[in-house]
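> I would like the atomic coordinates for the input below:
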Amino acid sequence: PEPFEVGGRLLAAGKAEVWVGNGAGLAQRGDVEFD
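Residues are numbered from 1 along each chain as shown. Have a look, this model is predicted:
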């Protein structure tokens, strides 16, 4: 399997943006909400 990287950043209190990518480029991204 190819190695991949996971990253993320906090957008606001209780909300973050996360992404997963590999050597070919960004593969998936999404917003996450939490308490």
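> Can you name the residues that contact Lys15?
Asp31, Val32, Glu33, Phe34 (Cβ atoms under 8 Å, 6 or more residues apart in numbering). C-betas here are computed from N, CA, C, even on glycine.
> let's see 7 Å
Counting by Cβ atoms under 7 Å, 6 or more residues apart in numbering, Lys15 touches Asp31, Glu33.
> so what's it scoring on pLDDT?
pLDDT, Lys15: 97.
> same thing with the one 10 residues further on?
Each residue has a pLDDT score; the one for Gly25 is 74.
> Would you confirm that Ala16 contacts Gly8?
Yes: counting by Cβ atoms under 7 Å, Ala16 touches Gly8, with 5.5 Å between them.
> For Lys15, which residues count as its bridge partners?
Ala12, Glu33 (DSSP bridges).
> Please save the CA atoms from the helix or strand harbouring Leu10 in PDB.
Using DSSP states H and E, Leu10 falls within strand 4-12. Taking C-alpha atoms only, strand 4-12 is exported to PDB below (Å, rounded to 0.1, in the frame of the first residue of the first chain):
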ATOM      1  CA  PHE A   4      -0.400   8.600   3.000                       C
ATOM      2  CA  GLU A   5      -0.500  11.800   5.100                       C
ATOM      3  CA  VAL A   6      -3.300  13.100   7.300                       C
ATOM      4  CA  GLY A   7      -3.600  16.800   8.100                       C
ATOM      5  CA  GLY A   8      -6.000  19.100   9.600                       C
ATOM      6  CA  ARG A   9      -6.700  22.600  10.900                       C
ATOM      7  CA  LEU A  10      -9.100  24.100  13.400                       C
ATOM      8  CA  LEU A  11     -11.600  26.400  11.600                       C
ATOM      9  CA  ALA A  12     -13.500  27.600  14.700                       C
END
